[in-house]
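Enquirer: Sequence plus predicted model, see below.
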Amino acid sequence: MSRYETVIGLEVHAHLNTQTKIFCSCSTTFGKEPNENVCAVCSGMPGVLPVLNEKVPEYAAKMGLATGCSVNLKSVFARKNYFYPDLPKGYQISQFELPICEHGVVNIEVGGEVKAIGLTRIHMEEDAGKNIHSAAENASFVDLNRAGVPLIEIVSEPDMRSAEEAVAYLKELRSILLYLGICDGNMEEGSFRCDANVSIRPVGQAEFGTRAELKNLNSFKHVQKAIDYEVARQIDLVEDGENVVQETRLYNADKGTTHSMRGKEEAHDYRYFPDPDLVPLVLDAARVEQWRSELPELPADKRVRFMEQYGLADYDAALLTAELAVADYYEAAAAAHGGDARKMANWVVGELLPWLNESGTPVGDCLLTPEKMAGLLSLVDDGTISVKIGKDIFRDLCASGDDPAGYVKAKGLAQVSDSGELEAMVDTVIAENPSEVEAYRGGKTKLISFFMGQVMRLSKGQANPGVVTKLLQEKLA
């Protein structure tokens with residue numbers, strides 16, 4: 001057991017699903033040509049004035065309400081001053097002393113234990129642009145398409161004690177954002193990203209150690225590996241009698257290491273002050289309550305309902321409710337099937353989710369619709385095809401969208417249940433394997449699986465296992 005305790009706090013940035021930027025009418029569409037979605041406001045031209053997109057405070061407040069935060073009826077935009085090529089104004093419009101939301105909580109489960117992670121604040125801000133470095137041209141370029149895209153920053157308390165807890169927290173946060181429909185959660189495109197503040201301290205010590213901020217974490221796997229590496233690095237430093245330096249470090253995914261980027265700034269380094277071009281944001285209490293009434297069923301509540309309504313295990317319920325689209329698919333398929341909802345859960349968890357992950361297909365683009373999924377499971381239930389055949393053809397159906405019944409008929413995959421036909425196969429297998437028959441009758445009853453396999457080979461996998469088992473037991477007795 002380590003003599004050191006890990007302390008982790010996360011700062012999560014989530015792009016909001018608005019059609020236009022936070023202070024201008026430029027499009028937020030991702031993937032456009034560099035500097036296509038740019039105007040005088042978001043490019044920082046002198047004399048322009050920002051106008052707040054009214055959807056931004058609504059989405060920020062809904063995230064706060066969903067995570068148990070208090071929503072401040074008055075909040076203030078501030079200027080965060082720093083100089084970098086992708087920040088055209090020389091400052092970022094954010095919030096500092098008076099954010100829109102404060103003091104929430106996100107519950108996570110790790111190792112079968114539930115833990116509450118405190119939220120310090122949620123505030124609104126504009127994103128910066130993007131620097132593009134070209135080694136081939138020995139030059140750097142600035143793309144301002146992202147400048148001014150609205151985001152919320154969700155700042156946790158330093159309540160996490162392991163990389164596993166940090167990943168669980170991020171996954172829960174992402175699920176909530178997706179359920180609210182306010183962020184697409186795409187880590188690769190940068191619309192859901194985080195910085196991790198990591199430190200260590202001797203077990204039992206109340207005072208926090210010196211922290212390092214980790215950047216460039218664009219996947220859950222990278223978050224896990226970067227934090228684990230950083231913890232090991234800091235322990236090695238302390239064990240060698242050296243000091244941990246407060247700094248910002250970049251994660252190198254190819255090497256699995258972190259390296260120093262710059263010294264870590266403090267709040268006073270940014271010289272925050274209220275933005276004189278934006279009046280304080282004042283919300284009406286009735287409007288906040290209306291937003292509260294519009295909140296959907298959230299992931300934690302849906303997990304509980306799935307366990308109670310469908311009799312699912314906690315693990316399956318957690319997988320099925322991690323993304324709203326998957327949860328909706330499962331419920332629609334279970335309703336269309338009308339049978340054992342746990343059996344449908346097994347197919348969605350065991351077959352559909354792996355196919356979605358491996359193919360990189362969003363569940364909404366899967367051509368095996370919930371109704372067709374129910375039809376496939378019905379073919380298994382009524383014995384038309386075996387479970388094995390069903391799983392064998394599953395991926396083809398996901399990609400093609402063919403009707404399962406029509407596909408099975410066209411491919412001649414219907415299960416053979418005719419006792420006369422199967423009896424002839426069983427007789428053939430018994431005749432061809434006299435030594436195994438003698439061994440079986442001598443007490444080695446586990447050989448039943450050998451005979452079953454031989455019959456399945458003869459039938460090309462289409463024999464009804466139940467009928468075959470009964471015939472084998474009768475003839476080998």
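Expert: Yes, it's here.
Enquirer: residues touching the most centrally placed residue in the chain, list them.
Expert: Central residue of the chain (Cα atoms, centre = their mean): residue 171, 5.2 Å from the mean position. For residue 171, the contact set (Cβ atoms under 8 Å, 6 or more residues apart in numbering) comprises 220, 322. To be clear about C-beta, it is placed using only N, CA and C from the backbone, and glycine gets the same treatment.
Enquirer: which SS class is it?
Expert: helix (DSSP: H, G, I helix; E, B strand; the rest coil).
Enquirer: In the protein, spot the strand with the most residues.
Expert: Secondary structure of the chain per DSSP state E: the longest strand is strand 113-126.
Enquirer: Adjacent strands (with direction) for that strand?
Expert: Here strand 113-126 has these sheet partners by DSSP bridges: strand 101-110 (antiparallel), strand 150-156 (antiparallel).
Enquirer: Any buried residues in it, and which?
Expert: Within strand 113-126, the residues scored as buried using 16 or more other Cβ atoms under 10 Å are 115, 117, 119-126.
Enquirer: how far does stretch 137-145 stretch from start to finish?
Expert: Terminal residues of stretch 137-145 are spaced 22 Å apart (Cα to Cα, to the nearest Å).
Enquirer: Could you list the low-pLDDT ranges of the stretch 101-250 of the chain?
Expert: Low-confidence segments of the stretch 101-250 of the chain (pLDDT under 70): none present.
Enquirer: Can you show me the helices along it?
Expert: 163-180, 220-239 (DSSP state H, counting those that start in this stretch).
Enquirer: And the contacts of the longest one?
Expert: Put plainly, it is helix 220-239. 2, 4, 6, 8, 163-164, 166-167, 170-171, 187, 194, 196, 198-200, 209, 212, 214, 216-217, 243-244, 249, 251, 253, 256-258.
Enquirer: which residues sit in contact with the residue nearest to residue 278 when sequence neighbours are not counted?
Expert: Excluding the flanking residues, the one nearest residue 278 by Cβ to Cβ, 6 or more residues apart in numbering is residue 77, at 4.4 Å. By Cβ under 8 Å, 6+ apart, the contact list for residue 77 reads 93-95, 124, 274-275, 278, 280-281.
Enquirer: Checking the residue nearest to residue 58 when sequence neighbours are not counted next. Helix, strand or coil?
Expert: Of all residues not flanking residue 58 in the chain, residue 291 sits nearest, at 6.1 Å (Cβ to Cβ, 6+ apart). Three-state call for residue 291 (three-state DSSP): helix.
Enquirer: List the residues that contact residue 367.
Expert: 397-401.
Enquirer: same thing but at 10 Å, please
Expert: 361, 397-402 (Cβ atoms under 10 Å, 6 or more residues apart in numbering).
Enquirer: Same question for residue 375.
Expert: 333, 336-337, 368-369, 397, 403-408.
Enquirer: Please render the residues you listed as a markdown table that adds neighbour count to the earlier fields.
Expert: Shown next, in a markdown table, are the contacts of residue 375 (neighbours: other Cβ atoms under 10 Å):
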| residue | neighbour count |
| --- | --- |
| 333 | 25 |
| 336 | 18 |
| 337 | 21 |
| 368 | 25 |
| 369 | 14 |
| 397 | 22 |
| 403 | 15 |
| 404 | 23 |
| 405 | 16 |
| 406 | 10 |
| 407 | 20 |
| 408 | 22 |
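Enquirer: So what pairs up with the residue nearest to residue 278 in the strands?
Expert: Assigned bridge partners for residue 77, using DSSP bridges, are residue 95.
Enquirer: any idea how far it lies from residue 400?
Expert: Distance, residue 77 to residue 400, by Cβ to Cβ, to the nearest Å: 52 Å.
Enquirer: show me what contacts residue 260?
Expert: 212, 245, 247-250.
Enquirer: So the closest residue to residue 218 other than its chain neighbours versus residue 451, what's the distance?
Expert: By the measure of Cβ to Cβ, 6+ apart, the closest residue to residue 218 outside its immediate chain neighbours is residue 187, 5.0 Å from it. Distance of residue 187 to residue 451, computed by Cβ to Cβ: 51 Å.
Enquirer: and what of residue 395?
Expert: In terms of Cβ to Cβ, residue 395 sits 30 Å off from residue 451.
Enquirer: Among the contacts of residue 77, which one sits closest to residue 54?
Expert: residue 281 (10.1 Å; Cβ to Cβ).
Enquirer: ok, that closest one touching residue 74?
Expert: Yes: counting by Cβ atoms under 10 Å, residue 74 is a contact partner of residue 281 at 7.1 Å.
Enquirer: how many other residues sit next to residue 64?
Expert: 28 (other Cβ atoms under 10 Å).
Enquirer: Are we agreed that it is in a helix?
Expert: Yes: per three-state DSSP, residue 64 lies within a helix segment.
Enquirer: Now it. Nearest residue, chain neighbours left out?
Expert: residue 101 (3.0 Å).
Enquirer: So what sits opposite that neighbour in the bridge?
Expert: So, taking DSSP bridges as the rule, residue 101 has residue 71, residue 122 as bridge partners.
Enquirer: Tell me the spacing between residue 296 and residue 111.
Expert: Taking Cβ to Cβ, one finds residue 296 at 29 Å from residue 111.
Enquirer: neighbour-wise, which of these two wins?
Expert: More crowded of residue 296 and residue 111, by other Cβ under 10 Å: residue 296, with 13 against 9.
Enquirer: that older thread, shouldn't the residue nearest to residue 58 be in contact with residue 64?
Expert: Yes: the pair residue 291 / residue 64 is scored as a contact, 9.4 Å apart, by Cβ under 10 Å.
Enquirer: Identify the contacts common to those two.
Expert: Shared contacts of residue 291 and residue 64 (Cβ under 10 Å, 6+ apart): residue 71.
Enquirer: residues contacting the closest residue to residue 281 other than its chain neighbours?
Expert: Leaving aside its sequence neighbours, residue 281 sits nearest to residue 75 (Cβ to Cβ, 6+ apart; 4.9 Å). Counting by Cβ under 10 Å, 6+ apart, residue 75 touches 57, 60-61, 95, 97-102, 123-124, 280-283.
Enquirer: For those residues, which two are the farthest from each other?
Expert: Longest distance between any two of the contacts of residue 75 is 18.1 Å, between 61 and 97; criterion Cβ to Cβ.
Enquirer: Show me where the stretch 251-400 of the chain has its strands.
Expert: 257-263, 273-274, 281-282 (DSSP state E, counting those that start in this stretch).
Enquirer: Which of those strands sits closest to residue 180?
Expert: Nearest of the strands of the stretch 251-400 of the chain (Cβ to Cβ): strand 281-282, 19.6 Å.
Enquirer: Give me the more crowded residue out of residue 187 and residue 451.
Expert: Using other Cβ under 10 Å, the more surrounded residue of residue 187 and residue 451 is residue 451, with 23 against 17.
Enquirer: what secondary structure does the nearest residue to the more buried one once chain neighbours are set aside sit in?
Expert: Closest residue to residue 451 apart from its sequence neighbours, by Cβ to Cβ, 6+ apart: residue 472 at 5.2 Å. Residue 472 falls in the helix class when you classify it by three-state DSSP.
Enquirer: Return the residues in contact with residue 472.
Expert: 422, 426, 429-430, 440, 447-448, 451-452, 454-455.
Enquirer: quick one: it from residue 424, how far?
Expert: Taking Cβ to Cβ, one finds residue 472 at 13 Å from residue 424.
Enquirer: quick one: residue 465 and residue 407, what's the gap?
Expert: Taken as Cβ to Cβ, the span from residue 465 to residue 407 is 21 Å.
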